[in-house]
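Q: show me the folded form of this:
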Amino acid sequence: MAQVTQDALTPTYSASGTEVSVTLTVHSDAAFVADVLTVAVRDAGGAVLDFPGVYDIAIPPSGYTLTTAPKSFPAGSYTIFGAYAVDGGWYDLPSTAMVVGATDPTGSGVPTGPGAPVGAPGSPVPVGSVSSAAVGPTAGRTLTWAEEFTAPISTERWNSSTTSAYQYGSHNPAGDKLDWLRPANVTVAGGLATFTARPGSELLTSGQRAWDTGLLTTEGTPEAFQVQVGDYLETAVRLPSGLGAWPGLWTWRDGDNEIDTFEYHPDYPSRLEFTNQIRQRQHSYTNPAVVAPLGWVTVGTAYGLHSVNWYVNGSLVFADRSGVPAGWTAYPILNLSVNAGRYHPAPQSPDPLTFSADYLRVWH
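A: The predicted structure is shown next:
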């Protein structure tokens with residue numbers, strides 16, 4: 001295997017609240033293609049705060065320079081280092097400290113951009129378009145499938161009544177869920193899909209009263225769309241506020257193949273949960289400036305053979321370095337579950353719970 005040398009990594013100072021791009025220069029003793037090249041960031045507690053990387057990038061002896069998309073960090077001391085993936089493994093380059101001060105010595109102010117909270121839904125993107133972004137999860141990828149929620153739910157594309165992920169198809173008390181799936185509980189208006197959960201009339205085998213709620217899956221439909229290895233799946237969602245709400249975007253096929261792009265519970269109001277159920281890798285991403293009840297946030301997952309990578313508002317926040325099996329495919333599921341109370345509080349009142357999504361898009 002080629003030997004990679006890190007030639008430069010700058011800057012090593014930033015200001016709190018001010019976005020910074022890091023430039024990494026590397027070269028190899030023999031040309032090869034890395035699956036991923038990124039600048040990794042770890043805070044004092046070891047949390048993964050990596051900059052967005054680039055994919056399938058040639059690293060020649062003459063060198064390659066990566067300038068990352070900008071990110072901002074709270075004041076503190078961080079460890080940064082180049083990292084690349086190839087042939088199933090990750091390799092870390094020499095590290096250095098990056099100090100983030102409380103003030104900006106350049107007087108450049110506080111910009112906006114990746115990592116800032118999403119304030120409003122976005123605009124539709126035509127399928128077949130290639131991202132012009134220089135960096136980020138969609139860089140160089142083609143949009144291959146999209147649901148913009150600008151028309152009523154199509155039964156050619158979506159199944160809203162059953163899923164094989166649920167023990168009884170329409171409900172799943174064994175999963176600590178009060179869900180009873182009702183197609184009418186997913187509505188579309190104003191370019192948004194809204195999932196609503198309300199107390200229902202059914203009694204679950206657990207003895208608890210079910211809540212009627214909404215779910216969308218491509219499983220069991222004429223289109224039968226599946227995500228696959230190499231895809232990047234993204235959604236923009238407005239998080240719920242009521243205790244008991246449990247929204248998520250995840251995948252399922254043949255009793256497994258589950259990758260959770262995100263799960264959210266309002267009892268942990270600033271936390272998103274990411275899980276590769278196939279490889280048993282999990283990460284809790286906590287950021288009160290980005291994740292909050294009734295706030296909009298964009299979350300996406302890139303399904304790589306060597307790493308499943310999670311992005312929040314376009315920035316890489318977790319790489320599991322485990323990936324998915326060769327040939328992996330699965331049906332996407334977007335839904336609002338209702339907690340039964342074992343791990344998170346059940347609803348505290350009969351008031352409806354709501355969760356909205358602006359779009360689902362898949363790039364390859």
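
Q: for the rest of this, base every contact and every neighbour count on C-alpha atoms.
A: Fine.

Q: domains in the chain, by residue range?
A: Domains of the chain are assigned by automatic domain parsing as 4-101, 143-363.

Q: pick the most buried one from those domains.
A: Across those, averaging neighbours per residue (mean count of other Cα atoms under 10 Å) puts domain 143-363 on top, at a mean of 20.

Q: phi first, then psi, for the spatially closest residue to Pro126 that is not a sequence neighbour.
A: Nearest non-adjacent residue to Pro126, counting by Cα to Cα, 6 or more residues apart in numbering: Leu143, 7.5 Å away. Leu143 adopts backbone torsions of phi -70, psi 120, taken as degrees, to the nearest 10.

Q: and Leu143, what is it in contact with?
A: Pro126, Val127, Gly128, Ser129, Val130, Ser131, Arg361, Val362, Trp363, His364 (Cα atoms under 8 Å, 6 or more residues apart in numbering).

Q: tell me the least confident of the residues you listed?
A: Taken together, the contacts of Leu143 show their lowest pLDDT at Ser131, with 68.

Q: hmm, back to that, out of the domains of the chain, which gets the lowest mean score?
A: domain 4-101 (a mean of 87).

Q: Trp363 and Val237: what is the separation?
A: 18 Å (Cα to Cα, to the nearest Å).

Q: actually, Ser16.
A: Counting by Cα to Cα, the gap from Ser16 to Val237 is 27 Å.

Q: so what's Gly53 closest to, chain neighbours aside?
A: Thr38 (4.1 Å).

Q: wait, the one you found sits on Leu49?
A: No - if you go by Cα atoms under 8 Å, Thr38 and Leu49 don't touch, sitting 11.2 Å apart.

Q: looking at this, Pro94 is in a helix?
A: No - using DSSP: H, G, I helix; E, B strand; the rest coil, the assignment for Pro94 is strand, not a helix.

Q: export only the CA atoms of the host helix or strand of Thr251, formatted as CSV.
A: Using DSSP states H and E, Thr251 sits within strand 245-252. Backbone C-alpha positions of strand 245-252 (Å, rounded to 0.1, in the frame of the first residue of the first chain) are rendered in CSV as follows:
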residue,chain,number,x,y,z
ALA,A,245,-42.7,11.7,20.1
TRP,A,246,-40.1,9.5,18.4
PRO,A,247,-39.5,10.5,14.8
GLY,A,248,-36.9,8.8,12.7
LEU,A,249,-35.5,8.1,9.2
TRP,A,250,-34.2,4.6,8.9
THR,A,251,-33.9,1.6,6.6
TRP,A,252,-35.2,-2.0,6.7
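
Q: so what's His364 up against?
A: Per Cα under 8 Å, 6+ apart, neighbours of His364: Arg141, Thr142, Leu143, Thr144, Gly230, Asp231, Tyr232.

Q: can you tell me how far the closest residue to it other than its chain neighbours is from Tyr13?
A: In this structure, His364 finds its nearest non-sequential neighbour in Asp231, 4.6 Å apart by Cα to Cα, 6+ apart. With the distance defined as Cα to Cα, Asp231 ends up 35 Å from Tyr13.

Q: direction included, what does the helix or strand following the strand holding Thr251 pair against?
A: Going down the chain from strand 245-252, the next helix or strand is strand 259-264, by DSSP H and E. Applying DSSP bridges, strand 259-264 is found paired with strand 245-252 (antiparallel), strand 271-276 (antiparallel).

Q: can I get strand 259-264 in PDB, CA atoms only?
A: What follows is strand 259-264, C-alpha atoms only, in PDB (Å, rounded to 0.1, in the frame of the first residue of the first chain):
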ATOM      1  CA  ILE A 259     -29.300   2.000   9.400                       C
ATOM      2  CA  ASP A 260     -30.800   4.900  11.400                       C
ATOM      3  CA  THR A 261     -30.100   8.200   9.800                       C
ATOM      4  CA  PHE A 262     -31.600   9.800  12.900                       C
ATOM      5  CA  GLU A 263     -33.900   9.200  15.900                       C
ATOM      6  CA  TYR A 264     -35.000  12.000  18.200                       C
END
